[in-house]
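*Asks:* fold the following and give me the result.
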Amino acid sequence: MKKVLIVSPNWPLVSFPDLHRARMALPYLEQYGWEAIILKIDPNEQQGTKDPMLCETVPASVRTWQAGCLPLSWTRWCGVRSVGLRSHFHLAAAGDRIIRELTPDLVFFSTTMFTVTTLGRYWNRKHGMPYLLDFQDPWVASPEGEAARAHTRDLKYTVGQAINRRLEPYTLRKAAHVVSVSPAYPGMLRARYPWLREDQFTVLPFGAAEQDLDFLHRAPVGQPVFDRNDGRRHWVYVGRGGADMALALRGLFEALRARVDVEPALRSDLRLHFVGTDYAAPEHARKTIEPLALEAGLGDMVSERTSRLPYFEALQCLLDADALLVPGSQDSGYTASKIYPYVLARRPLLAIFNEQSSVVDALRRTNAGTIVTFGRSDTLAAIAARITRSGWLAAPPAADTNWNEFERYTARSMTSRLCSVFDRCTRN
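*Replies:* Below you'll find the predicted structure:
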């Protein structure tokens with residue numbers, strides 16, 4: 001059995017999106033010849049949402065090492081809040097010990113704490129250890145991403161991006177392989193660094209964690225967002241908001257307002273819930289969806305909860321909903337791996353995405369929902385018209401997913417592909 005050291009600083013009971021690739025792979029790794037060793041950070045040193053139920057999904061046999069961390073009370077005075085920075089040298093020391101004692105065959109960084117991935121260079125130089133990177137988000141912002149948040153950029157963000165532009169090529173230079181959730185990221189990175197080869201990349205979205213939905217069906221949890229038995233219809237989106245989603249959301253609200261004009265009873269019968277739309281701390285969180293609904297005259301029908309829910313409460317929202325909405329980004333590289341829990345919830349689904357997003361192909365292949373696309377030159381009126389023509393707002397159709405086709409997107413299938421990458425990168 002070969003061994004892979006998975007560096008995933010966020011780990012249950014912390015509930016952050018970047019831990020799920022590794023977590024969902026754990027039940028299947030041994031089937032494909034790999035044993036996982038997890039290196040994490042003390043969750044008590046981390047801010048944000050916690051979900052103790054996530055711990056129950058981690059197999060008891062998995063060996064887990066926990067690195068120390070400088071207390072926030074020590075570093076706050078100099079502006080260092082990042083848990084990745086505060087634990088950097090502790091992770092380095094813990095990794096040294098794991099490599100000496102357990103002799104893993106490779107290291108896999110599965111995290112959006114990109115500064116942590118620079119340890120790959122350190123362990124490669126000191127121990128000859130090959131390492132893989134998991135690009136779940138851009139490290140250096142794309143031009144589209146920069147444009148979308150131009151109005152929120154501050155000095156800290158600008159300095160951070162300048163540092164990232166130096167650390168990204170430094171870390172990529174010695175990486176054995178790069179796994180990417182989006183087909184856009186390899187092209188973006190190769191354009192930025194011509195010395196990267198096409199065969200150094202594998203596009204691998206997050207898998208669909210069927211076991212998580214099975215877990216909830218056996219032991220449902222409560223969710224604080226809406227009462228499914230209040231006599232109203234509830235349409236739900238769980239995920240981030242942001243300026244880059246404004247076009248899709250404005251198109252949705254424009255089409256819905258026209259529908260309300262035809263069917264006025266919708267104002268009292270229908271509620272749209274947008275949940276977990278800002279990753280910032282509550283005191284810094286900003287609503288980006290309710291203002292668009294107010295602009296469209298739908299403020300009484302739309303609610304936005306910026307704070308994130310624990311993972312299983314968020315999934316319960318999907319199961320309790322009458323229908324599901326997924327607005328996409330104007331950034332063509334945005335993949336929304338969270339689309340798979342939406343499919344597994346088996347509810348009517350409306351997705352509004354950039355025509356170049358990989359989500360479009362996945363939904364069309366699986367017939368898992370109604371997909372409305374937009375391009376760079378599309379107007380708001382054109383997007384709203386397409387949503388109206390789809391007929392979804394008038395009568396959301398029941399899900400008719402092709403589950404045989406969907407198998408390629410499951411966590412088991414994605415783990416099989418991930419282990420093939422591991423096999424290719426193992427030391428001789």
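*Asks:* tell me where the stretch 101-250 of the chain has strands.
*Replies:* Using DSSP state E, counting those that start in this stretch, the strands of the stretch 101-250 of the chain run over residues 106-109, 131-135, 177-180, 201-203, 233-238.
*Asks:* dump the third one to CSV, restricted to CA.
*Replies:* Included here for strand 177-180 are C-alpha records, laid out as CSV according to Å, rounded to 0.1, in the frame of the first residue of the first chain:
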residue,chain,number,x,y,z
HIS,A,177,1.6,17.6,-11.1
VAL,A,178,-1.3,20.1,-10.8
VAL,A,179,-4.9,19.0,-10.2
SER,A,180,-7.5,21.7,-11.2
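*Asks:* mind giving me CSV with the strands of the stretch 101-250 of the chain and columns for mean neighbour count?
*Replies:* Where C-beta positions appear, they are placed from N, C-alpha and C, glycine not excepted. Listed next are the strands of the stretch 101-250 of the chain as CSV, based on neighbours: other Cβ atoms under 10 Å:
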stretch, mean neighbour count
strand 106-109, 26
strand 131-135, 24
strand 177-180, 21
strand 201-203, 18
strand 233-238, 23
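*Asks:* so can I have CSV of those showing mean pLDDT?
*Replies:* Shown next, in CSV, are these (pLDDT from 0 to 100):
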stretch, mean pLDDT
strand 106-109, 98
strand 131-135, 97
strand 177-180, 96
strand 201-203, 95
strand 233-238, 97
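*Asks:* dump those to CSV, plus distance to Ala248.
*Replies:* Formatted as CSV, those follow (distance: least, Cβ to Cβ, whole Å):
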stretch, distance to Ala248
strand 106-109, 31
strand 131-135, 23
strand 177-180, 23
strand 201-203, 23
strand 233-238, 11
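*Asks:* and the ones you listed: which comes nearest Val83?
*Replies:* For the strands of the stretch 101-250 of the chain, the distance to Val83 is smallest for strand 106-109, at 15.2 Å, taking Cβ to Cβ.
*Asks:* can you name the residues in contact with the closest one?
*Replies:* 4-7, 22, 95, 116-117, 119-120, 123, 129-134, 176, 422, 425-427 (Cβ atoms under 8 Å, 6 or more residues apart in numbering).
*Asks:* please repeat the previous calculation with a cut-off of 6 Å.
*Replies:* Here strand 106-109 makes contact (Cβ atoms under 6 Å, 6 or more residues apart in numbering) with Val4, Leu5, Ile6, Val7, Thr117, Met129, Pro130, Tyr131, Leu132, Leu133, Cys425.
*Asks:* bridging residues for the third one?
*Replies:* Counting by DSSP bridges, Ile6 forms beta bridges with Ile38, Phe108.
*Asks:* ok, now how distant is it from Leu106?
*Replies:* Distance, Ile6 to Leu106, using Cβ to Cβ, to the nearest Å: 10 Å.
*Asks:* equivalent analysis for the last one, please.
*Replies:* Spatial separation of Cys425 from Leu106 under the definition Cβ to Cβ is 6 Å.
*Asks:* and if you look at the fifth one?
*Replies:* Thr117 sits at a distance of 14 Å from Leu106 (criterion: Cβ to Cβ).
*Asks:* and if you look at the fourth one?
*Replies:* Relative to Leu106, Val7 is positioned 11 Å away (Cβ to Cβ).
*Asks:* circling back to that earlier point, looking at the strands of the stretch 101-250 of the chain, which is closest to Asn164?
*Replies:* Closest among these, once you apply Cβ to Cβ, is strand 131-135, at 12.7 Å.
*Asks:* just checking, what packs against that closest one?
*Replies:* strand 106-109, strand 177-180 (3 or more Cβ pairs under 6 Å, 6 or more residues apart in numbering; DSSP states H and E).
*Asks:* where in the stretch 51-200 of the chain is pLDDT low?
*Replies:* 142-154 (pLDDT under 70).
*Asks:* redo that, cut-off 80
*Replies:* For the stretch 51-200 of the chain, applying pLDDT under 80 flags the ranges 72-81, 141-160.
*Asks:* anything in contact with each of Cys425 and Leu106?
*Replies:* Contacts common to Cys425 and Leu106, judged by Cβ under 6 Å, 6+ apart, are Pro130.
*Asks:* tell me where the stretch 201-350 of the chain has helices.
*Replies:* Along the stretch 201-350 of the chain, counting by DSSP state H, counting those that start in this stretch, helices occupy 210-218, 246-262, 266-269, 290-295, 311-320, 339-344.
*Asks:* okay, these in JSON lines with distance to Gly68 next?
*Replies:* Shown next, in JSON lines, are the helices of the stretch 201-350 of the chain (distance: least, Cβ to Cβ, whole Å):
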{"stretch": "helix 210-218", "distance to Gly68": "30"}
{"stretch": "helix 246-262", "distance to Gly68": "42"}
{"stretch": "helix 266-269", "distance to Gly68": "54"}
{"stretch": "helix 290-295", "distance to Gly68": "41"}
{"stretch": "helix 311-320", "distance to Gly68": "25"}
{"stretch": "helix 339-344", "distance to Gly68": "33"}
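*Asks:* among the ones you listed, which is the most enclosed?
*Replies:* The highest mean neighbour count among the helices of the stretch 201-350 of the chain, using mean count of other Cβ atoms under 10 Å, belongs to helix 339-344: a mean of 25.
*Asks:* which residues touch that helix?
*Replies:* Residues contacting helix 339-344 (Cβ under 6 Å, 6+ apart): Ala208, Leu213, Leu315, Leu324, Leu349, Val359, Ala368, Tyr409.
*Asks:* shaky segments in the stretch 301-428 of the chain?
*Replies:* Residues of the stretch 301-428 of the chain that meet the cut-off, pLDDT under 80, sit at 332-338, 427-428.
*Asks:* just the strands in it please.
*Replies:* Under DSSP E, counting those that start in this stretch, the stretch 301-428 of the chain gives strands at 302-305, 323-327, 349-354, 370-374.
*Asks:* closest one to Asn164 among the ones you listed?
*Replies:* Closest approach to Asn164 among those is made by strand 349-354 (24.1 Å; Cβ to Cβ).
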